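Participant: Coordinates for the following, if possible.
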Amino acid sequence: MKIQTVLDVFHERVPKTFGFLVDRHGFTLDRSDDYAFIASSRHCDVLVELDWGSIVVSIRPSQTGRPVRLSFIVGAKDPSILFLPRYPWGPDEACEEVERQAALLASYCGDVLNGDFSAWAALEAHQTQTLEQWRGESERLVKEARAKLVRRRAEAAWSRRSFSEAAQLYASIRDDLTQAEIERQEYCRRRTLLVSVPRQPRVAGLA
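Facilitator: Residues are numbered from 1 along each chain as shown. You can find the predicted model right below:
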């Protein structure tokens, strides 16, 4: 007996569960490769993809060719719903996820599936804005993580009285320093500048 995998469930359940696109809205539904199905109509395509274990649905208008994910469409129409693609741990979870996304597509995208794109510009703008917010938040978290790491290294250099190293490390995150750290960085910088220069040995025969 063959043990089903998430990919097996994806191949088996998508044609059945997303069959309403064919029956109700006049789409054709075909598998484009092992990890994607595409439902096509005169006005748009619906993409159902298995993306690194996550089942992702998006709609791509024929006029623009720019897809918007179902998660952003649902979020724009009902901000109270936090809809993020899930990562199935096994066949049962994959089956539930296919059914969940098909139900959301039917509930929130009936107008688009029937060719009404009057609100599409707002949906596309919502996706762009949300992605920019996520990108900004990601950059902020990376910056915070870097500052935390540099701060630890600077404190270790301070403890070793390695003032030159500490000054350089603090300077690299100057915008994120507390007032106390700014004062410490200035102290390290001054100590670095005041390091005495070793005297060269006198050459014999010179006064």
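Participant: Packing partners of the helix or strand containing Val9?
Facilitator: Taking DSSP states H and E as the definition, Val9 sits inside helix 6-17. On a contact count with 3 or more Cβ pairs under 8 Å, 6 or more residues apart in numbering; DSSP states H and E, helix 6-17 meets strand 28-33, strand 44-51, helix 91-108. C-beta coordinates here come from the backbone N, C-alpha and C atoms, glycine included.
Participant: Pull out the buried positions in stretch 91-109.
Facilitator: Applying a neighbour-count criterion of 16 or more other Cβ atoms under 10 Å, one finds Pro91, Ala94, Cys95, Glu97, Val98, Gln101, Ala102, Leu104, Leu105, Ala106, Tyr108, Cys109 buried in stretch 91-109.
Participant: Tabulate these in JSON lines, adding columns for distance to Val22.
Facilitator: Shown next, in JSON lines, are the buried residues of stretch 91-109 (distance: Cβ to Cβ, whole Å):
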{"residue": "Pro91", "distance to Val22": "24"}
{"residue": "Ala94", "distance to Val22": "22"}
{"residue": "Cys95", "distance to Val22": "20"}
{"residue": "Glu97", "distance to Val22": "21"}
{"residue": "Val98", "distance to Val22": "16"}
{"residue": "Gln101", "distance to Val22": "17"}
{"residue": "Ala102", "distance to Val22": "12"}
{"residue": "Leu104", "distance to Val22": "18"}
{"residue": "Leu105", "distance to Val22": "13"}
{"residue": "Ala106", "distance to Val22": "13"}
{"residue": "Tyr108", "distance to Val22": "19"}
{"residue": "Cys109", "distance to Val22": "15"}
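Participant: one step back: ok, and what's touching the helix holding Val9?
Facilitator: Applying Cβ atoms under 8 Å, 6 or more residues apart in numbering, the external contacts of helix 6-17 come out as 2, 29, 31, 34-35, 37, 48, 50, 53, 55, 88, 90-91, 94-95, 98-99, 102.
Participant: If anything else comes up later, I'll come back, but that's it for now.
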